[in-house]
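J.: coordinates only, no sequence provided:
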RNA sequence: GGAGAGGUGGCCGAGUGGUUGAAGGCGCACGCCUGGAAAGUGUGUAUACGGGUAACCGUAUCAAGGGUUCGAAUCCCUUUCUCUCCGCCA
């Protein structure tokens, strides 16, 4: 949600920033609506002021048993009341219109977010690790999994249709062990609080984190009007909705391991095999709630947390700064981490860490008390550490052997109780 | 799912139609008192929006949204949340 005061004071800058995201100039129409709304509000308030004053006098007159005076005052108030409803109704209409526009515009990009049209204009920050040179043709993970008899899209399709898989045995365990490793790293070394949140949420929670009202078609909705979360970002960020936090408690750092549910409307035909793009997948999510001063540093820290996990798993990755055209709706600035996928001979997204500034905080009405005792909106950040399914896939492919077995990364061998998954 | 009771300021709590943004208490801030502290004592202590250069003024807010009324924390309706009992249940 945008700050109408900011738009009033910086209309040109507002339009210029939106233009960087490919959105047409809005400030003129927004400010016209805003002016109209304020004029109507003032008018309505003046009428109410008169009504309130007269009503008080009626009370006094009645107390003094001056019925004649009371009756004449009532008549004047009745006259005022004829005008009021129309003005109030008009104000509501204008306010709703303004709200609709403001809530459907994406956040303004940070100064250091590069301009660009789509993912091709993203800027690579670094590469970590060297993709392994295979002395055989690396197999895609779904082939490896099927040959091991531990992964089946066909079986899942019988239950649930496309974009689901069934994992079994050592692969199912590896998925669990991976999530555990991620959670332990975040809680034991990086100060995150582990949370087990609801997976079903109301629409106002999704509005708070920006999925609604614009992106409802990407979500699954239940028959009781609850929605399945597309990411734990929704649950974790909304933990502080409508709260006024004491500033010494910031930053708050939450992590959760949850299933995520996405309809993948609009991605028909893309990544149709394997576990890269599923209707349901596990993800370990990080969310930070900070002051405005803290958020830039927190964003770097958060991204480092995700990188640390990739490094410990020995997975080659690159870090990319998203351009304005590829960034999510709420984000000011986003780093993506892309893991090396041998079968595709390319890097694929495995984590996305975003600073949302006060954009979600405005929607959730989450504030903190600053040193002067003033309420200010917090900044919110979220990132994956990591998408568990994609990490599993990356391990399978990067650690595969010529015989179709999969070596277990050293940090997981203890928890797995073995050093490889063999046919 | 059935029956009932409730949701008032940072917290507790009064208040069933008329200067109630809301008594009283706690907490907090500042002052007095004190050698210092405690106790005591005085004053102050919400948020949002609109108007105004400003001091300040206005409007709204007693879970949320509607309604009745000249006037609603108080009456009515809807929604929501909490609690108790019963039923069902991992």
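T.: Perfect, thanks for sending it. Predicted, not measured: the structure shown is a model, and the values here were computed from it.

J.: okay, now the unreliable bits of the stretch 1-150 of chain A?
T.: The stretch 1-150 of chain A contains no residues with pLDDT under 70.

J.: residues near residue A:256, how many?
T.: Other residues near residue A:256 number 25, with proximity taken as other C-beta atoms under 10 Å. C-betas here are computed from N, CA, C, even on glycine.

J.: what score does it have for pLDDT?
T.: Per-residue pLDDT puts residue A:256 at 96.

J.: who in chain A is up against RNA strand B?
T.: Within chain A, the residues that sit near RNA strand B (C-beta under 7 Å from any atom of the strand) are A:4, A:38, A:41-42, A:45-46, A:48-49, A:51-56, A:58-60, A:62-63, A:74, A:77-78, A:81, A:373-375.

J.: which members of these occur in strands, if any?
T.: Counted as lying in strands by DSSP state E, out of the residues of chain A next to RNA strand B, are residue A:375.

J.: can you flag the buried ones in the residues of chain A next to RNA strand B?
T.: Neighbour counting by 16 or more other C-beta atoms under 10 Å classes A:4, A:51, A:54, A:58, A:77 among the residues of chain A next to RNA strand B as buried.

J.: of all pairs in those, which one spans the longest distance?
T.: The two members of those with the most space between them (C-beta to C-beta) are A:4 and A:58, at 37.2 Å.

J.: run through the bridge partners of residue A:341.
T.: In this entry, residue A:341 is beta-bridged to residue A:346, by DSSP bridges.

J.: number of nearby residues for it?
T.: Residue A:341, neighbours per other C-beta under 10 Å, totals 24.

J.: contacting residues around it?
T.: Residue A:341 makes contacts with A:347, A:348, A:393, A:394, A:397, as judged by C-beta atoms under 8 Å, 6 or more residues apart in numbering.

J.: which one of these sits closest to residue A:92?
T.: Using C-beta to C-beta, residue A:348 comes nearest to residue A:92 of those, at 47.3 Å.

J.: and that closest one, how close does it get to RNA strand B?
T.: Per C-beta to the nearest atom of the strand, to the nearest Å, residue A:348 is found 36 Å from RNA strand B.

J.: could you look up the SS state of that residue?
T.: Assigned with DSSP: H, G, I helix; E, B strand; the rest coil, residue A:348 falls in the strand class.

J.: ok, back up a step: so which of the contacts of residue A:341 is the closest to RNA strand B?
T.: The nearest member of the contacts of residue A:341 to RNA strand B, counting by C-beta to the nearest atom of the strand, is residue A:393 at 31.5 Å.

J.: which helix or strand contains that closest one?
T.: Secondary structure from DSSP states H and E places residue A:393 in helix A:388-398.

J.: which strands or helices does that helix pack on?
T.: Counting contacts by 3 or more C-beta pairs under 8 Å, 6 or more residues apart in numbering; DSSP states H and E, helix A:388-398 is packed against helix A:141-148, helix A:169-189, strand A:280-290, strand A:333-341, strand A:346-355.

J.: closest one to residue A:310 among these?
T.: Minimum separation from residue A:310 across those (C-beta to C-beta) falls at strand A:333-341, 6.4 Å.

J.: can you give me the mean pLDDT across the closest one?
T.: 97.

J.: what's the angle from that strand to strand A:346-355?
T.: 160 degrees (axes from the mean of the first three to the mean of the last three C-alpha atoms, to 10 degrees).

J.: helix A:141-148 and strand A:333-341, what's the angle between them?
T.: For strand A:333-341 against helix A:141-148, the angle by the same axes, to 10 degrees is 40 degrees.

J.: centre of the chain to strand A:333-341, how far?
T.: 16 Å (C-alpha atoms, centre = their mean, to the nearest Å).

J.: one more: stretch A:80-87?
T.: Stretch A:80-87 sits 42 Å away from the centroid of its parent chain (C-alpha atoms, centre = their mean).

J.: ok, now which ones touch whichever residue of the stretch 201-350 of chain A sits closest to RNA strand B?
T.: Here the stretch 201-350 of chain A gets closest to RNA strand B at one residue, residue A:244, 7.3 Å apart by C-beta to the nearest atom of the strand. The neighbours of residue A:244, taking C-beta under 8 Å, 6+ apart as the test, are A:367, A:368, A:369, A:375.

J.: show the model's pLDDT score for it.
T.: The confidence metric pLDDT takes the value 81 at residue A:244.

J.: can you check residue A:265 too?
T.: So residue A:265 comes in at 82 (pLDDT).

J.: how many neighbours does it have?
T.: 11.

J.: so it makes contact with residue A:220?
T.: No. Using C-beta atoms under 8 Å, residue A:265 makes no contact with residue A:220, being 10.3 Å away.

J.: with distance to residue A:334, secondary structure and pLDDT added, can I get the contacts of residue A:244 in CSV?
T.: Shown next, in CSV, are these (distance: C-beta to C-beta, whole Å; DSSP: H, G, I helix; E, B strand; the rest coil; pLDDT from 0 to 100):
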residue, distance to residue A:334, secondary structure, pLDDT
A:367, 24, strand, 85
A:368, 24, strand, 84
A:369, 29, strand, 79
A:375, 28, strand, 81
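
J.: is there a quick PyMOL command that grabs whichever of these are buried?
T.: Provided next is the PyMOL selection string for whichever of the contacts of residue A:244 are buried by 16+ other C-beta under 10 Å:
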select buried, chain A and resi 367+368
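
J.: how does chain A divide into domains?
T.: For chain A, automatic domain parsing gives the domain ranges A:4-104, A:119-421.

J.: let me know the distance separating residue A:263 from residue A:281.
T.: According to C-beta to C-beta, to the nearest Å, residue A:263 stands 13 Å off from residue A:281.

J.: so for these two, which sits in the more crowded spot?
T.: A direct count of neighbours by other C-beta under 10 Å for residue A:263 and residue A:281 places residue A:281 higher, at 23 against 16.

J.: who touches both of residue A:265 and residue A:220?
T.: Here residue A:265 and residue A:220 have no joint contacts, going by C-beta under 8 Å, 6+ apart.

J.: residues in contact with whichever residue of the stretch 301-423 of chain A sits closest to RNA strand B?
T.: As assessed by C-beta to the nearest atom of the strand, RNA strand B sits closest to residue A:375 within the stretch 301-423 of chain A, at 4.4 Å. If you count contacts by C-beta under 8 Å, 6+ apart, residue A:375 has them with A:244, A:367, A:368, A:369.
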